[in-house]
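[1] With the sequence up front, the predicted model follows.
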Amino acid sequence: MRYMKGKLMTGFCLLSLCLSAMASGEIRQVPFTDVQVNDQFWKQRLDVMRSTTIRYAFQKVSDAGQIRNFEYAGKIVSGEANVGDLTFQSGQPYDDAEVYKVLEGAAYVLETHPDASLEAYCDGVIDKICSAQEPDGYIQTNFTSFCIRRQC
């Protein structure tokens, strides 16, 4: 019990100090683009993420058909294909989110370490996403592919 009270008191004191420092302006937010990681442990991991992991993640969502779903939905939206002409490629209706997450990671990387080929690839994926946007602004490839939201 005494141990727990000591931990709680220490935590409360640290929280009070942090809030006080924030209120006085001693602690301020820093844009992530202004942060440079030079520590060898974290720098190595960030370098691997930038050089390998992002591209690997794009390959996985591509192999799973999640990017192709946007292409197919885009063809349905443009009238180039009809519902039922193309087969939904991935297994879950929420798979669009995986593509968005990888794009978000790539955007963070590109903001701090420009890479023309990665940016061009991202632009291509974004074009496919935009093509799948329905006239009212809705984007959900599963719904578009199976005509769930509208009368077909």
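    That came through fine.
[2] Tell me the spacing between the most centrally placed residue in the chain and Asp115.
    Using CA atoms, centre = their mean, the residue of the chain that lies closest to the mean C-alpha position is Lys101, 2.1 Å off. Distance of Lys101 to Asp115, given as CB to CB, to the nearest Å: 19 Å. In this view, the C-beta of every residue, glycine as well, is placed from N, C-alpha and C.
[3] By mean pLDDT, point me to the weakest helix or strand of the protein.
    For the chain, counting by mean pLDDT, DSSP states H and E, helix 2-24 ranks last in confidence among helices and strands (a mean of 71).
[4] Follow the chain on from that one and name the next helix or strand.
    Moving toward the C-terminus from helix 2-24, the next helix or strand (DSSP states H and E) is helix 40-48.
[5] Check which element follows that following helix along the chain.
    Next helix or strand after helix 40-48 toward the C-terminus (DSSP H and E): helix 54-63.
[6] Enumerate the positions of the helix or strand following that next one that are buried.
    Reading on from helix 54-63 to the C-terminus, the next helix or strand found by DSSP H and E is helix 66-78. Using 16 or more other CB atoms under 10 Å as the test for burial, helix 66-78 gives 66-77.
[7] Start and end of stretch 44-53, how far apart?
    Distance between the two ends of stretch 44-53: 12 Å, counting by CA to CA, to the nearest Å.
[8] tell me the mean pLDDT over it?
    Averaging pLDDT along stretch 44-53 gives 92.
[9] Name the surrounding residues that touch that stretch.
    Stretch 44-53 is contacted from outside by 37, 105, 109, 113, 115, using CB atoms under 8 Å, 6 or more residues apart in numbering.
[10] Output those residues in CSV, with pLDDT appended to each entry.
    Output for those, formatted as CSV (pLDDT from 0 to 100):
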residue, pLDDT
Val37, 84
Gly105, 94
Val109, 92
His113, 91
Asp115, 95
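[11] Among these, name the buried ones.
    Counted by 16+ other CB under 10 Å, the contacts of stretch 44-53 give 105, 109, 115 as buried.
[12] isn't the second one right next to Arg55, touching?
    What that stands for is Val109. No. Val109 is not in contact with Arg55 according to CB atoms under 8 Å; the separation is 10.2 Å.
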